[in-house]
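Participant: Need a 3D model of the following:
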Amino acid sequence: LRPQLDSGAAVDVHLCDQLILPCALARGTSRLLVPELSLHARTALHVSELLLPGFKCKEEQLGTLTLLEIEGVGHPVPDEEAEPEPPAPPSPPPPLRLCSNMAP
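Facilitator: Okay, here's the model as predicted:
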C-alpha cells in the first residue's frame, strides 16, 4: 500500500480498471494518472474498444506514472426529471350477484 500512496498517482492500480467503463461511457475526456496499467485495466480498455463505437484511448508515460486519457462516447443519461407513467389502476371487481335462493 505504501508504494501506491508514495507514487503520487491519483488512482491506484486496482481502482483504475473499475473506472475505465464509466469513463468510456461518459461524455468528454477523462484522465487517470496511475502507477501502472494492470492486465485487468488493459482488458477493460480492449473490451471498451470492441463494444463502444467512437471510444478512444491514449496512454502516455510520465516518468514512473502513466497518464491514461479516455475519450468517452457520451452515452445519454435518461431524463431524471421526467417521471414514468404510473401504472393503470386495477379494474374494479365485477358486482356481486346473489344466488336466486337467497333473500336480498
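
Participant: Any stretches of the chain with poor pLDDT?
Facilitator: Judged against pLDDT under 70, the low-scoring parts of the chain cover residues 1, 5, 79-84, 96-104.

Participant: so the most centrally placed residue in the chain, which of the three states?
Facilitator: Most central residue of the chain, judged by C-alpha distance to the mean C-alpha position with CA atoms, centre = their mean, is Pro22 at 4.3 Å. In the three-state summary, Pro22 is assigned as helix, counting by DSSP: H, G, I helix; E, B strand; the rest coil.

Participant: which residues does it contact?
Facilitator: For Pro22, no residue meets the contact criterion (CB atoms under 8 Å, 6 or more residues apart in numbering). The C-beta positions use only the backbone N, C-alpha and C, and glycine is treated the same way.

Participant: Distance of it relative to Ala44?
Facilitator: From Pro22 across to Ala44, the span is 10 Å (CB to CB, to the nearest Å).

Participant: Ok, Thr29 next?
Facilitator: Per CB to CB, Thr29 is found 17 Å from Ala44.

Participant: neighbour-wise, which of the two wins?
Facilitator: A count of neighbours by other CB atoms under 10 Å puts Ala44 above the other of Thr29 and Ala44, at 20 against 12.

Participant: Nearest residue to the more buried one in space, ignoring adjacent ones along the chain?
Facilitator: Take Ala44 and drop its neighbours on the chain: the residue closest to it by CB to CB, 6 or more residues apart in numbering is Ile20, 4.0 Å away.
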